[in-house]
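>>> no sequence on this one, just coordinates:
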């Protein structure tokens, strides 16, 4: 329904009204209202609007229509687009609208090519809210990761958990604290890997290393982490030395790591997305080459329903250059093509939505401190606020997913048949085992010598 103030000339042309009506005639999601700078309003859905999106300038509307999320997000950063209502809730409503848009497009295949550019742009605005990007070469991957994770060690503790985990937590209840959920996530990953003393664990994209610290302290596992960020590597080295753990880190890409000797266990929590559409096959090739026969790996990734080279222009420019989530089907197919058997798979979409919501809450609660400590300006802060709200809304609405897959390279060695160990009351304690080597130097990964 269009609602126009009395005495005002409608700002939307007839063809825009007709095109928009065709796309939205069957929309039955959360009701909301679109408002334009001259007072014209477009109400969508039945009932009182739950939120409103206001385009305060003609430029904001044009850029959102023509440039997708880059135009919409940058207009939000400039305050030319505002949301009446919670930003996450509003974006979740737009994701519902996106599903209606795609549904109408599917029912009108002959009409779609002839639709006006505004209509196609509207579809692009909503569909492009998926956080998927086409990657470049390995050098661009390194620069992109450094750009995102190299913002400074003062920034991340102000919105992440105290372990600085950048993948989702594992929540036992919706109200669980983020720190607890992230600690539980590390425990769950370790159990899914079925770690044993004396094994060697390779962590691709190891972040700040807390999974490796846990594996070494709790299970007596020797660990090597691979990262592209010098600040993460410095932190891991300092912590490993202070805690006297057999943990090493290297700043390099996984394609540069030697495959001999091979690894008993391999884990990657989110780094697959940085490989991108063009290098995802190389990533799986390296997993196959690095994992020992009978070895087990756990791969976790943000996912989307269908793989596409389409990019999200806002995330590409401002947050995660080169970020590209695969589909669950694509992950399983690539594993099978290399003789990697799927032992277990778990949907983490709800956990990802809760995690992104916690990150956004922490970010907003610490906004003034972030600005004071880091010196980041208001535009940077609004950019990240839009990104975090968009991520939470995407997971919440199902436009993005997340999955953990446990794979084995052939028949797995020393891996449980049942899932009961995942839900044990406590993890095994090293107090009941031989003590961990006080400090270990790894000149060659086949031999470890006490220092």
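Now that the structure is in, tell me what you want to look at. What you see is a predicted model; the values in this text were computed from it and never measured.

>>> Is the residue sitting nearest the centre point of the chain part of a helix or strand, or is it coil?
Computing the C-alpha centroid of the chain and ranking residues by C-alpha atoms, centre = their mean puts residue 302 first, at 4.9 Å. With DSSP: H, G, I helix; E, B strand; the rest coil as the basis, residue 302 sits in strand.

>>> and what of residue 175?
Relying on three-state DSSP, one would call residue 175 coil.

>>> State the helix or strand in which residue 406 lies.
In this assignment (DSSP states H and E), residue 406 forms part of strand 401-409.

>>> again with residue 69
Using DSSP H and E, residue 69 sits in helix 58-77.

>>> The following helix or strand past that helix packs against which elements?
Using DSSP H and E, the helix or strand that follows helix 58-77 in sequence is strand 81-84. Using 3 or more C-beta pairs under 8 Å, 6 or more residues apart in numbering; DSSP states H and E as the contact test, the elements touching strand 81-84 are strand 51-55, helix 58-77. From N, CA and C alone the C-beta is placed, and that goes for glycine too.

>>> and among these, the most buried is which?
Highest mean neighbour count among the helices and strands packed on strand 81-84 (mean count of other C-beta atoms under 10 Å): helix 58-77, with a mean of 22.

>>> which strands and helices sit next to that one?
Taking 3+ C-beta pairs under 8 Å, 6+ apart as the contact cut, helix 58-77 packs with strand 51-55, strand 81-84, helix 117-127, helix 313-318, helix 378-397.

>>> chain center to the fourth one, what's the gap?
Its chain's average C-alpha position is 14 Å from that of helix 313-318, according to C-alpha atoms, centre = their mean, to the nearest Å.

>>> Excluding its own residues, what touches that helix? List them.
The contact list for helix 313-318 (C-beta atoms under 8 Å, 6 or more residues apart in numbering) reads 67-70, 72-74, 128, 131, 133, 322-323, 383, 386-387, 390.

>>> which parts of that helix are buried?
313-318 (16 or more other C-beta atoms under 10 Å).

>>> So for stretch 278-287, mean pLDDT?
What stretch 278-287 shows for mean pLDDT is 94.

>>> Could you do stretch 202-210 as well?
Taken as a whole, stretch 202-210 has a mean pLDDT of 96.

>>> Can you get me a residue count around residue 238?
11 (other C-beta atoms under 10 Å).

>>> which SS state does it fall under?
helix.

>>> try residue 283
helix.

>>> burial measure for the nearest residue to it once chain neighbours are set aside, as a count.
Nearest non-adjacent residue to residue 283, counting by C-beta to C-beta, 6 or more residues apart in numbering: residue 275, 4.1 Å away. Counted by other C-beta under 10 Å, the residues lying close to residue 275 total 28.

>>> isn't residue 275 right up against residue 285?
No. Residue 275 is beyond contact range of residue 285, at 10.7 Å (criterion: C-beta atoms under 8 Å).

>>> quick one on the thing from earlier: let's see the pLDDT reported for the residue nearest to residue 283.
Listed pLDDT for residue 275 reads 86.

>>> From residue 206, how far off is it?
In this view, residue 275 and residue 206 are 15 Å apart by C-beta to C-beta, to the nearest Å.

>>> now do residue 185
For residue 185 relative to residue 206 (C-beta to C-beta), the value is 14 Å.

>>> Which elements pack onto the strand holding residue 406?
helix 178-193, strand 291-303, helix 328-337, strand 340-347, helix 349-365.

>>> Is it possible to get CSV of the ones you listed that adds mean pLDDT and distance to residue 58?
Converted to CSV, the helices and strands packed on strand 401-409 look like this (pLDDT from 0 to 100; distance: least, C-beta to C-beta, whole Å):
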stretch, mean pLDDT, distance to residue 58
helix 178-193, 97, 41
strand 291-303, 97, 35
helix 328-337, 98, 41
strand 340-347, 97, 42
helix 349-365, 97, 30
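
>>> tell me the most buried of the ones you listed?
strand 291-303 (a mean of 23).

>>> Among the helices and strands packed on helix 58-77, which one carries the weakest average confidence?
Looking at the helices and strands packed on helix 58-77, the bottom one is helix 117-127 with a mean of 42.

>>> Identify, from the buried residues of helix 313-318, the entry nearest to residue 370.
residue 318 (16.0 Å; C-beta to C-beta).

>>> What does residue 45 show for phi and psi?
phi 90, psi 170 (degrees, to the nearest 10).

>>> what's near enough to touch it?
27-32.

>>> Could you do residue 201 as well?
So residue 201 contacts 193, 195, 212, 215, 221-224, 263-267 (C-beta under 8 Å, 6+ apart).

>>> Which pair of the contacts of helix 313-318 spans the longest distance?
Top of the distance list for those (C-beta to C-beta): 72 and 322, 21.1 Å.

>>> Could I get the contacting residues of residue 76?
82-83, 382, 386.

>>> Secondary structure element holding the residue nearest to residue 221 when sequence neighbours are not counted?
Once flanking residues are discounted, residue 221 sits nearest to residue 215: 4.3 Å by C-beta to C-beta, 6+ apart. Per DSSP H and E, residue 215 falls inside helix 210-219.

>>> How far does stretch 216-225 sit from its chain's centre?
Counting by C-alpha atoms, centre = their mean, stretch 216-225 comes out at 26 Å from the chain centroid.

>>> Check whether residue 249 sits in a helix, strand or coil.
strand.

>>> Now do it: how many residues are near it, please.
By other C-beta under 10 Å, 23 other residues sit near residue 249.

>>> And for the one 10 residues further on?
By the other C-beta under 10 Å criterion, the neighbourhood of residue 259 contains 12 residues.

>>> quick one, what contacts it?
Neighbours of residue 259 in contact, by C-beta under 8 Å, 6+ apart: 286, 289-290.

>>> SS state for it?
coil.

>>> How confident is the prediction for it, by pLDDT?
Here the pLDDT value assigned to residue 259 is 78.

>>> Okay, it and residue 84: tell me how far apart.
Note on residue 259: its distance to residue 84, by C-beta to C-beta, is 56 Å.

>>> end to end, how far does stretch 394-412 reach?
For stretch 394-412, the separation between the terminal residues is 35 Å (C-alpha to C-alpha, to the nearest Å).
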